[in-house]
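> A predicted structure for the sequence below; I have some questions about it.
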Amino acid sequence: MQGKRPEISHPVIRSSIIVFFKMQTIKQSFKVEYNYSIFFTNNLFDSANNQLSEFFNTYAEQGFQRKVLVVADGGFLSHHPDLPEKIKTYFADQVKHIQLAKDIIVVPGGEASKNDPDLFEKLAQAVDIYGIDRHSFVVGIGGGAVLDLVGYAAAVSHRGIKLIRIPTTVLSQNDSGVGVKNGINFHGKKNFLGTFAPPVAVFNDLTYLKTLDDRDWRSGISEAIKVALIKDKSFFDWIEENVQALAQRDEATMSYLIHRCAEMHTEHIGSGDPFEFGSSRPLDFGHWAAHKLEYLTDFEVRHGEAVAIGIALDCVYANKIGMLADADLDRIYQVLVKLGFELYHVKLSENDKVNLRNGLHEFREHLGGRLTIMLLEKIGKGVEVHEMDANIIAESVDVLEKYISEKRVLAAG
């Protein structure tokens, strides 16, 4: 019968074919190079600012009708209600070869954006409705949580749409917004669903920081302290010297801090393990406890505030096991407190501290390998450990509680 495969009945030939296929292994290896720039600017959508239009001009080749879908943080827009019209005017006047979707999609700001699966579906539907294809762009404007959500939706729609991030907080401009991670929360676990998908560009508009409240201004500084403590003593010294200017919202001082912190994060990503194939994540210093504390407080404690507490907790732990000197611990305490961070929250002690310690198991699970925690040997030098003693963690919590209580008594007196 035509089309029917002939049977191979000869035993020697049949055996030879089986052996041949068993012996053959096809190996595949290729590299993908990623390049993106982090631009520092002011008044990005002002008619006199051509930084964004010049970027889009690099995507002006014939044959494509590129489109742009803008997704914005609702909390941010409440302080900048005229921004949607500014964006539409900017594209109409300066980026005529790229079609802007007629609607700007607004999502809630803060961690709520990562906890609601309906928001992810809303963005995926918008990509479909407005015909945003792989040659087009999704632009995320907002804080780190919104950028995580938008980045995840862009990365999985059509297997990857070009992402532009416009971070609007200190935390996102110096840390999350300049990296390669995107994600949303799932069943009470932070960033359980996510991707590694670098943006094609990041635009840090420093004028957007002016409308931040004091908590959000302060919150992002903890990530700069984190990276300074584990990588660059001179940067920590600079933060220590400029702590009052930072606390008093000096814009020039904050501008330098953001630039240096973003620079150190991108250097680490480029020189290390950007897609985290191993279990080593140095930039998660202070984060195992921070992630758990966020959930225990139902995100009343913001990410940067939780990181500050996580840093303090791990530094106390390092001190108690004889790794970190008293003098270094005191310097870290002083910087965090002068910036206005609380170093203890009652949820740390809840359920005899079992809830907090469960965060260590969850962190190990998230790493996908053996537990790897960055601790501090001295200011500017972190070291990795692969186990932590539950009793010493509990004692470290007690130290923080006592430290804060004493500080409050002194302040009251």
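Great, that's in hand.

> Please make it C-alpha for all contacts and neighbour counts, starting now.
Will do.

> could I get stretch 383-394 in CSV with only the CA atoms?
Extracted in CSV, the C-alpha atoms of stretch 383-394 (Å, rounded to 0.1, in the frame of the first residue of the first chain):
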residue,chain,number,x,y,z
VAL,A,383,30.0,35.6,52.6
GLU,A,384,27.6,32.8,51.8
VAL,A,385,26.5,30.2,54.4
HIS,A,386,24.3,27.2,53.8
GLU,A,387,22.6,26.8,57.2
MET,A,388,21.2,29.1,59.9
ASP,A,389,20.5,28.1,63.5
ALA,A,390,16.8,28.5,64.4
ASN,A,391,17.6,29.3,68.0
ILE,A,392,20.1,32.0,67.1
ILE,A,393,17.6,33.5,64.7
ALA,A,394,15.1,33.7,67.6
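
> for that stretch, the distance to its chain's centre please.
25 Å (Cα atoms, centre = their mean, to the nearest Å).

> What's the mean pLDDT across that stretch?
For stretch 383-394, the mean per-residue pLDDT is 94.

> which residues of the stretch 201-350 of the chain fall in strands?
Along the stretch 201-350 of the chain, the segments classed as strands by DSSP state E, counting those that start in this stretch run 201-205.

> And for the stretch 51-200 of the chain?
Using DSSP E, counting those that start in this stretch, strands in the stretch 51-200 of the chain cover 67-73, 99-100, 105-107, 137-142, 162-167, 181-186, 189-196.

> ok, the one helix or strand residue 377 maps to: who's next to it in the sheet?
Residue 377 is part of strand 373-378 when elements are defined by DSSP states H and E. With DSSP bridges as the test, strand 373-378 is paired with strand 381-385 (antiparallel).

> Show me where the stretch 301-413 of the chain dips below the pLDDT cut-off.
Where the stretch 301-413 of the chain drops to pLDDT under 70, the residues are 367-369, 408-413.

> May I see the strands of the stretch 51-200 of the chain arranged in TSV, with mean neighbour count as well?
Listed next are the strands of the stretch 51-200 of the chain as TSV, based on neighbours: other Cα atoms under 10 Å:
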stretch	mean neighbour count
strand 67-73	23
strand 99-100	18
strand 105-107	19
strand 137-142	25
strand 162-167	26
strand 181-186	22
strand 189-196	17
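
> Residue 75 reaches residue 109, doesn't it?
Yes: assessed by Cα atoms under 8 Å, residue 75 is found in contact with residue 109 at 5.1 Å.

> Tell me which of the two has more neighbours.
Ranked by neighbour count (other Cα atoms under 10 Å), residue 75 and residue 109 place residue 109 first, with 20 against 15.

> how close does the more buried one get to residue 76?
Distance from residue 109 to residue 76, counting by Cα to Cα, to the nearest Å: 7 Å.

> list the residues that contact both of those two?
Both residue 109 and residue 76 are in contact with 142, 143, where contact means Cα atoms under 8 Å, 6 or more residues apart in numbering.

> buried sites along the strand or helix carrying residue 359?
Per DSSP H and E: residue 359 is located in helix 354-367. By neighbour count with 16 or more other Cα atoms under 10 Å, helix 354-367 contains the buried residues 355, 356, 357, 359, 360, 362, 363, 364, 366, 367.

> Please apply the same query to stretch 146-156.
146, 147, 148, 149, 150, 151, 152, 153, 154, 155.

> can you pull the contacts of the third one?
Pointing back at residue 148 there. Counting by Cα under 8 Å, 6+ apart, residue 148 touches 114, 181, 182, 183, 184.

> Recalculate using a threshold of 10 Å.
111, 113-114, 140, 142, 154, 165, 172, 176-177, 180-185, 191, 194-195 (Cα atoms under 10 Å, 6 or more residues apart in numbering).

> so how many other residues sit close to residue 112?
Residue 112: 17 neighbours (other Cα under 10 Å).

> Surely it touches residue 185?
Yes: between residue 112 and residue 185 there is a contact at 9.4 Å, judged by Cα atoms under 10 Å.
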